[in-house]
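Participant: What follows is a predicted protein model with its sequence.
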Amino acid sequence: MPAELPPRIFLLSPANCGGKRAELLLGGRGKFALAYELQDGGTITLGEAFSFMSGLYFRGKLTYARRFACPPTGVAGIHIITTNRGLLSPDTPVTTDDLREFATGEIQPLEPRYRNPLLRDLRAIESSRDSAQPDIVLLGSIATAKYVDVLLEVIGERLLFPSEFVGRGDMSRGAMLLRATRAGAELDYTPIATAVRRGRRPTKLQPSSAETSNADDTTTPTAAASIDD
């Protein structure tokens with residue numbers, strides 16, 4: 001990673017583990033590589049699972065975060081928000097049972113199963129880092145309180161988001177993140193605490209053929225589902 005990048009950590013919102021694409025992956029009848037790996041008690045990584053379930057949007061978030069994360073010593077650069085296990089690495093191995101358990105959780109700021117593990121892990125990040133004060137970027141929805149309220153309690157004004165996310169849908173965000181990654185050009189960030197979280201929808205950004213051609217296994221439908229709006 002280029003030395004000139006400032007200290008930066010990314011938090012990624014999760015995919016919907018209860019949608020149609022999740023059932024394709026978890027139902028035991030899938031005829032594609034990831035489904036085969038999960039059958040008979042096998043594992044895949046959390047990043048692989050969510051990239052399949054959410055398609056272009058989560059794949060864009062993870063690809064972008066891998067490119068631009070620059071964590072301080074002692075802290076991982078990418079953390080995925082979950083419904084009931086706090087923050088997990090995208091490389092965490094998960095089973096069918098793990099993913100089905102995620103589907104039972106509810107992302108609400110006052111829901112203890114969601115809130116308490118998330119606060120625990122955020123505080124652990126704050127206590128384990130060295131003296132550097134990294135920016136922490138949320139790649140997820142800021143239009144509602146479901147992520148923002150809990151994150152702001154610990155991170156405060158260092159919690160940022162890509163300003164170009166405002167008004168865009170999931171597919172547009174995913175395409176934008178993949179294009180920024182290919183160009184090596186990081187997006188501009190804005191502090192969430194003082195940001196205008198809703199705005200007029202910008203001109204639709206269509207995913208290119210390169211972005212959609214390898215979003216998912218070609219033997220599965222292309223419709224994607226995501227927790228985010």
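Facilitator: Thanks, I have it.
Participant: ok, Glu101 touching Val94?
Facilitator: No. Under the criterion of Cβ atoms under 8 Å, Glu101 is not in contact with Val94, lying 9.4 Å apart. To be clear about C-beta, it is placed using only N, CA and C from the backbone, and glycine gets the same treatment.
Participant: who's more crowded, these two?
Facilitator: Val94 (22 against 16; other Cβ atoms under 10 Å).
Participant: helices or strands up against the helix or strand hosting Leu24?
Facilitator: Taking DSSP states H and E as the criterion, Leu24 maps to helix 20-26. For helix 20-26, the elements it packs on are helix 33-38, helix 46-54, helix 96-104, judged by 3 or more Cβ pairs under 8 Å, 6 or more residues apart in numbering; DSSP states H and E.
Participant: now, of these, which is deepest in the fold?
Facilitator: Across the helices and strands packed on helix 20-26, averaging neighbours per residue (mean count of other Cβ atoms under 10 Å) puts helix 46-54 on top, at a mean of 27.
Participant: Moving C-terminal from that helix, which element do we reach first?
Facilitator: Per DSSP H and E, the helix or strand that comes after helix 46-54 is helix 56-68.
Participant: residues in contact with the helix or strand just after that following helix?
Facilitator: Going down the chain from helix 56-68, the next helix or strand is strand 78-81, by DSSP H and E. Here strand 78-81 makes contact (Cβ atoms under 8 Å, 6 or more residues apart in numbering) with 9-14, 46-47, 50, 62, 65-66, 69, 87-90, 92, 107, 118, 121, 125, 140, 147.
Participant: Using ChimeraX, define a selection of the buried residues within the residues you listed.
Facilitator: Buried residues among the contacts of strand 78-81 (16 or more other Cβ atoms under 10 Å), as a ChimeraX selection:
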select :9,10,11,12,13,14,46,47,50,62,65,69,87,88,90,92,107,118,121,125,140,147
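Participant: buried ones in the helix ranked longest in the chain?
Facilitator: Taking DSSP state H as the criterion, the chain has its longest helix at helix 112-128. By 16+ other Cβ under 10 Å, the buried positions in helix 112-128 come out as 114-115, 117-118, 121-122, 125.
Participant: same deal with stretch 126-142?
Facilitator: 129, 134-142.
Participant: and the gap between the spatially closest residue to Arg100 that is not a sequence neighbour and Arg115?
Facilitator: In space, Arg100 comes closest to Leu26 once its chain neighbours are excluded; the distance is 6.3 Å by Cβ to Cβ, 6 or more residues apart in numbering. Leu26 sits 26 Å away from Arg115, taking Cβ to Cβ, to the nearest Å as the criterion.
Participant: ok, back up a step: which residue in the buried residues of helix 112-128 has the weakest pLDDT?
Facilitator: Lowest pLDDT among the buried residues of helix 112-128: Ile125, with 91.
Participant: What is the neighbour count of the closest residue to that residue other than its chain neighbours?
Facilitator: Excluding its sequence neighbours, the residue lying closest to Ile125 (Cβ to Cβ, 6+ apart) is Val75, at 5.7 Å. For Val75, the count of nearby residues is 19 (other Cβ under 10 Å).
Participant: contacting residues for Val75?
Facilitator: By Cβ under 8 Å, 6+ apart, the neighbours of Val75 are 9, 125, 128-129, 134.
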